[in-house]
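[1] everything below, folded, please.
(2 chains)
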2 protein chains.
Amino acid sequence: MDSVLLPRLANRSTLLVSSAIRDLLHLGERPEVLSLAGGLPDGSTFPVERIAEATTRALAFPGRYGATALQYGPSEGLTTFREWIAAGSLLHDGHGAIEATLVTTGSQQALDLLGRVLVDPGDVVVVEDPLYLGARQVLTAAGAHLVGVAVDHDGMDVDALEDRLRCGLRPRLVYTVPNFQNPTGAVLAVDRRERLAALALRYGFVIIEDDPYTALAFSSERHPSIARFAPDHVVTLGSASKVLAPGLRIGWLQAAPWIHRSLVLAKQSSDLHTPCLDQLVALDLLSDTPFLVDHVSRLRATYATKAAVLHEALGAEFRTTKPRGGMFLWGHAARDTQAELARAIDAGVAYVPGTAFAVDRDRSRALRLSYASLSPVELRDAAARLRAVFR
Amino acid sequence: MDSVLLPRLANRSTLLVSSAIRDLLHLGERPEVLSLAGGLPDGSTFPVERIAEATTRALAFPGRYGATALQYGPSEGLTTFREWIAAGSLLHDGHGAIEATLVTTGSQQALDLLGRVLVDPGDVVVVEDPLYLGARQVLTAAGAHLVGVAVDHDGMDVDALEDRLRCGLRPRLVYTVPNFQNPTGAVLAVDRRERLAALALRYGFVIIEDDPYTALAFSSERHPSIARFAPDHVVTLGSASKVLAPGLRIGWLQAAPWIHRSLVLAKQSSDLHTPCLDQLVALDLLSDTPFLVDHVSRLRATYATKAAVLHEALGAEFRTTKPRGGMFLWGHAARDTQAELARAIDAGVAYVPGTAFAVDRDRSRALRLSYASLSPVELRDAAARLRAVFR
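    Purely as a prediction, here's the structure:
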């Protein structure tokens, strides 16, 4: 290799960061480790039989050029799926315009397309601090300059954002996970949604409303989509990953027409289209309302129980708040959580250190705990091990 | 919309070009039009029953965190699939190193990842002239400056490329479809492969060897992969789209380690991973050698017959050469093919005008004709209509 002239990688490629979660998942793979680190949904909730029925139907579904499930499809997604997106469901607010919809290969791809279409290198992007890792990866790769706004129990601190805007901050984008935020579990209060939308209109930025956890609410309380308040300034993302199964890689977005056309072209360039088989299978389940109502209600009960078990088993030690939905608890320890991680893994428990999610603020004593994939018994064990590590 | 401040799109988004093929597909959708324009494989060849069996097996396949088909998977692709890539098959040369492999959401995604990882805006990228549209879209979006090298019956004119290199051309990348090139059907001669590899070593560029059509060879002749001659300088792409079914969106690549790590990070940022269900289904068929041998031999016979029918029905008028594999004929007409397209569609036949594939050379009288999706009877009709239009 020394004797030949190797080309160099593109400059942008050095901006890509490895996702700390995915690297940590390797640690949790030892069978004796109880991992609270991953973001995996509970595999025992996957509706495998129902999906098997749906694949049989999908493969029998004809098309002009051979089975629709198996032939090339439109970059925007199958029309039937787009109709479902526009109509709304248990999983999302529909905005009514089929032309505004796009099926994506998971909502990670939606983020990626938005990074390409809306971000030039050096652009300011406001994010929640702490921030979802997948968004950080996309935005950093797009060359964004990230500015963190703190998150409290009611979500992003919109007052603080407004102060920054008054002082001259001019973001291209504001990124938020309004419901059961990853990693904090916070829910953006309704008045903050409305004010955030008003700021988007006044200061001319786009809001990315990334909403994969809505259906995993532990109560019937449901807030309106931010897009309701500023339809031309908000792109709303949804996902089947947390409700059906992530391995299907089915996500979607709704965007104003002025953004949508560019997103479709970026999608075409990225992978032509999302696999048709997975679209048909997911749609079969998502459009079966009796199934979905029943399935989601069992999911909610499962995750609500687990959340309560972990929260109670941790006691007051990590200052967690009782989650209202989603998959994560956000805690605070007495010592540096990254420094303690190796010891924790030796003690048989894994988590994601807060530093992985930090933007501008010190999160060195914070940690994210997922209750989604362990059983209640394992969660109690994991909590006991964690308390022992930080005692 | 006038009263509010709308943000602007990112500069790069304006670089995205619409794929002329996909826009033209809309024209061919009228049932009376016989379309030679599309790049769709023959849907009647899809092994639907065999895929249905494979999905049943895939969904029954367990995993530590729930069915492997439905849970999140590694960004690199499932290990079993990567082992298959490294080992080689009827569809591709395996390079032996599992670590060098990556499963992609179709080979369009592989191109897209390479554009991100290897191309900085303004970089020179040498391409075949005429050029595959999907590659143009990716490279243009990445900000590449495209330089076309002519294609003859033996593929890219490597002599001409060498002359340009001697005169100071310094490409970051050279992109080629070595087997049954889209749109010309040309096969890169073995001595040219070897010399192209030598030029990559001498001048320090990377070769993208995009190889979706290898299995669709009409004879047993098979050339070695360019990567054999310069493993550290070649990234080889493969695809199940033309052999099994494109709707599964299963492609793969093999790359030297110095590129591979960045590709995995870009893949993670793009869509986390390719759907696991589709990976398991495709692998079930691809690793079933008796099935694959039989299926591919029937595919070859089907496409060889169609190719011969269209080639003969066109007569000498369009100066097509008898194809040796793949899905396309490249022809030359007496008049501007883009100007005549509307008239052709009125006459009930569609094609892609050569201009869509042009890089530096005038292709206004050329046209690409796909024989893949029509029946032999329809191909004869389409040829008759085409001859009438250009008479």
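[2] C-alpha only now, for contacts and for neighbours.
    OK.
[3] find the closest residue to chain B in the stretch 201-350 of chain A.
    Relative to chain B, the nearest point of the stretch 201-350 of chain A is residue A:247 (3.9 Å; C-alpha to the nearest C-alpha).
[4] need the contact list for that residue.
    A:241, B:68-73, B:275-277 (C-alpha atoms under 8 Å, 6 or more residues apart in numbering or on different chains).
[5] same thing with residue A:149?
    Residue A:149 touches A:126-129, A:156-157, A:160-161, counting by C-alpha under 8 Å, 6+ apart.
[6] which ones among those lie within helices?
    In this view, those that belong to helices under DSSP state H are A:160-161.
[7] pick the one among the contacts of residue A:149 closest to chain B.
    Nearest member of those to chain B, counting by C-alpha to the nearest C-alpha, is residue A:126, at 14.4 Å.
[8] my read: the closest one touches residue A:171, true?
    Yes - with contacts counted by C-alpha atoms under 8 Å, residue A:126 reaches residue A:171, the gap being 6.3 Å.
[9] would you mind listing what in the stretch 51-200 of chain A touches chain B?
    Counting by C-alpha under 8 Å from any C-alpha of the partner chain, the stretch 51-200 of chain A comes close to chain B at A:52, A:55-56, A:59, A:65-73, A:105-109, A:112, A:116-120, A:134, A:137-138, A:172.
[10] can you count the residues close to residue A:317?
    Residue A:317 has 14 neighbours, counted by other C-alpha atoms under 10 Å in any protein chain shown.
[11] thought it was touching residue A:383?
    No - taking contacts as C-alpha under 8 Å, residue A:317 lies outside contact range of residue A:383: 10.4 Å.
[12] helix, strand, or coil at residue A:150?
    strand (DSSP: H, G, I helix; E, B strand; the rest coil).
[13] show me what it is bridged to.
    Bridge pairing for residue A:150 (DSSP bridges) gives the partners residue A:129.
[14] that one and chain B: what is the separation?
    24 Å (C-alpha to the nearest C-alpha, to the nearest Å).
[15] sec struct for residue A:231, please.
    coil.
[16] in this structure it contacts residue A:256, no?
    Yes - counting by C-alpha under 8 Å, residue A:231 does reach residue A:256; the two are 6.6 Å apart.
[17] what's the pLDDT at residue A:195?
    The per-residue pLDDT reported for residue A:195 equals 98.
[18] return the residues in contact with it.
    By C-alpha under 8 Å, 6+ apart, the neighbours of residue A:195 are residue A:158.
[19] residue A:196 belongs to a strand?
    No - secondary structure of residue A:196 (three-state DSSP): helix, not part of a strand.
[20] and the gap between the closest residue to it other than its chain neighbours and residue A:363?
    With C-alpha to C-alpha, 6 or more residues apart in numbering or on different chains as the measure, residue A:158 is the residue that lies nearest to residue A:196, at 6.4 Å, once sequence neighbours are left out. Per C-alpha to C-alpha, to the nearest Å, residue A:158 is found 20 Å from residue A:363.
[21] do residue A:117 as well
    From residue A:117 over to residue A:363 (counting by C-alpha to C-alpha), the distance is 31 Å.
[22] just residue A:202 next, same as before
    Distance from residue A:202 to residue A:363, by C-alpha to C-alpha: 32 Å.
[23] between these two, which one's more packed in?
    Shown here are residue A:202 and residue A:363; by other C-alpha under 10 Å, residue A:363 has more neighbours (20 against 14).
[24] quick one: residue A:145 and residue A:119 touch, right?
    No - the pair residue A:145 / residue A:119 is not scored as a contact, 9.8 Å apart, by C-alpha under 8 Å.
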